[in-house]
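# coords please:
(one chain, ligands or ions: 1)
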Amino acid sequence: MTAATPLVEIVSTGRYLPDRVVTNRDMESILETSDEWIFERTGIRERRLAPPGMTAAHMGAGAARIAMERAGVAPEDVDILIVSTATPDRWLPATACDIQALIGARKAVAFDISAACSGFIYALTLAEGHLSTGRGEIALVIATEKMSSIVDWEDRATCVLFGDGAGAAIVRKSSGERGILGTHHQSDGNLAELLYRPAGGAAIPMDEEVLRDRTHLVRMSGREVFKHAVRAMAGASKQALALSGWELEDVDLMFPHQANIRIIKGTARYVGLPMEKVFVNVDRYGNMSSATIPVAMDEAIEEGRLQPGMKLLLVAFGAGLTWGAMAVRW
Ligand code: COA
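Take a look at the predicted model:
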């Protein structure tokens, strides 16, 4: 799926991160682990964890309010509200509907998408489709994740990797050169069980056995996921570049999904981009699933690193398996 000229553009971003910082050293007091082990293998130093009463909807609404204010958009102006989350507040209804109620986006059509860590760029593509086919003027895309509620805190190989947070973007029809250009999305359901929650859904409903075996929580084959992530993100990046008509040298800044610094470096190397052109904040937040890219973009804007006219490459990978990349002119 691609467009030679941009149909839609991201006009603003926002982020919401819980205040509570949990360092690797803090982890040492609850698990048999060490700062050295975690940092060497992942590049993570600390992550944010949401307190019990704070949900994906609360964090998403926080990020959305900032993005709306920066774009000069009132909640009642939003036509389409798409939420990417792997940690919905409830199984029914969609977290998007809860966020709609929290922020007062009365006229919006609100729904969730499930594409795990790739969800933000998948959701941008849905917004692009809605807006470019005349189904509204303003889309609010939110990625919000309370990963701490679905990881197994007894599994040291996974729980140290994840964190909580939310990012949001206001998307409108493009008025010029700015916007989304080449996009490549892909998935492979044959690899679903490399990263999944085995039970607790409709196939194996929650019961005492599930709770006892902790099979409602995230299970991951770390090494396998690692291999696929680098290959898939590098391949998708090249596809998005080709579809946008850009050369590799044109790319000013890459925003990779922030899962692990070794995956990020491997992807950059396979794509052929120097690390100076790669935005990294995984050290401070860990893997916030689909929220990592909008949070990173929001920080880059605030730091002055993301400047008008820049050519960006967004690239993500996650459970499904799902992956994708998007070339964006800022
Ligand atoms: N602290 C200390 N030791 C730990 C540990 C922790 N938090 N977690 C696991 N270990 C131990 C293991 O028990 C194992 O010990 P053993 O050799 O005595 O059995 C050893 O470290 C190596 O475990 P292994 O799982 O082989 O490590 P690894 O080098 O593959 O690194 C990951 C594990 C998870 C960091 C790595 O596989 C990875 O980054 N995978 C990608 C995960 C990811 O990003 N997923 C999300 C994608 S969206």
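# which residue packs closest to E224, ignoring adjacent ones?
L194 (5.0 Å; CB to CB, 6 or more residues apart in numbering). (Glycine included, C-beta is placed from N, CA and C.)
# so how far is G318 from that neighbour?
Distance of L194 to G318, given as CB to CB, to the nearest Å: 11 Å.
# show me what residue of the stretch 101-250 of the chain gets nearest to the ligand.
G222 (2.8 Å; CB to the nearest ligand atom).
# how deep is that residue tucked in, by neighbour count?
The local packing of G222 (other CB atoms under 10 Å) involves 15 other residues.
# same thing with I103?
For I103, using other CB under 10 Å, the count is 23.
# and the pLDDT for the spatially closest residue to it that is not a sequence neighbour?
In space, and not counting its chain neighbours, I103 is closest to P75: 4.7 Å by CB to CB, 6+ apart. You'll see P75 listed with a pLDDT of 98.
# likewise for M1?
M1 carries a pLDDT value of 44.
# for the ligand, see how far away the residue nearest to I103 is.
Distance from P75 to the ligand, counting by CB to the nearest ligand atom, to the nearest Å: 31 Å.
# show me the contacts for that residue.
Listed by CB atoms under 8 Å, 6 or more residues apart in numbering, the contact partners of P75 are 68, 103-106.
# ditto for I103
Counting by CB under 8 Å, 6+ apart, I103 touches 61, 64-65, 68, 75.
# which residues in this structure form helices?
Applying DSSP state H to the chain gives helices spanning 24-28, 35-42, 56-71, 95-103, 119-132, 156-159, 208-213, 222-244, 261-271, 282-285, 292-302.
# so which residues on the stretch 51-200 of the chain come close to the ligand?
The stretch 51-200 of the chain has residues 117, 156-157, 160-161 near the ligand, with proximity defined as CB under 6 Å from any ligand atom.
# could you dump those residues into TSV and include distance to V210, neighbour count and pLDDT?
Below are those laid out as TSV (distance: CB to CB, whole Å; neighbours: other CB atoms under 10 Å; pLDDT from 0 to 100):
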residue	distance to V210	neighbour count	pLDDT
C117	24	31	98
R156	21	16	96
A157	21	12	96
V160	24	23	98
L161	23	22	98
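# list just the nearest of these to A110.
Using CB to CB, C117 comes nearest to A110 of these, at 21.7 Å.
# go ahead and confirm G136 touches D77.
No - the pair G136 and D77 fails to qualify as a contact (CB atoms under 8 Å) at a distance of 9.8 Å.
# before we move on, back to that, will you turn the contacts of P75 into JSON lines that also has pLDDT?
Output for those, formatted as JSON lines (pLDDT from 0 to 100):
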{"residue": "M68", "pLDDT": "98"}
{"residue": "I103", "pLDDT": "98"}
{"residue": "G104", "pLDDT": "98"}
{"residue": "A105", "pLDDT": "98"}
{"residue": "R106", "pLDDT": "97"}
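# among these, who's most crowded?
A105 leads these on contacts (other CB under 10 Å) with 26 neighbours.
# now that residue: phi and psi?
Main-chain dihedrals, A105, degrees, to the nearest 10: phi -90, psi 70.
# ok, it touching L81?
Yes - using CB under 8 Å, A105 makes contact with L81 at a distance of 5.4 Å.
# what's the overlap in contacts for those two?
Residues touching both A105 and L81 by CB under 8 Å, 6+ apart: 99, 140.
# same question for stretch 175-183, mean pLDDT?
The model assigns stretch 175-183 a mean pLDDT of 94.
# list the buried residues for it?
178-183 (16 or more other CB atoms under 10 Å).
# closest to K238 among those residues?
G182 (10.3 Å).
# can you give me the distance of that closest one to L321?
To L321, G182 is 21 Å away according to CB to CB.
# ok, E28 next?
32 Å.
# take the helices of the chain and write them to TSV, including distance to D252.
Shown next, in TSV, are the helices of the chain (distance: least, CB to CB, whole Å):
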stretch	distance to D252
helix 24-28	32
helix 35-42	26
helix 56-71	21
helix 95-103	32
helix 119-132	18
helix 156-159	34
helix 208-213	47
helix 222-244	13
helix 261-271	14
helix 282-285	20
helix 292-302	11
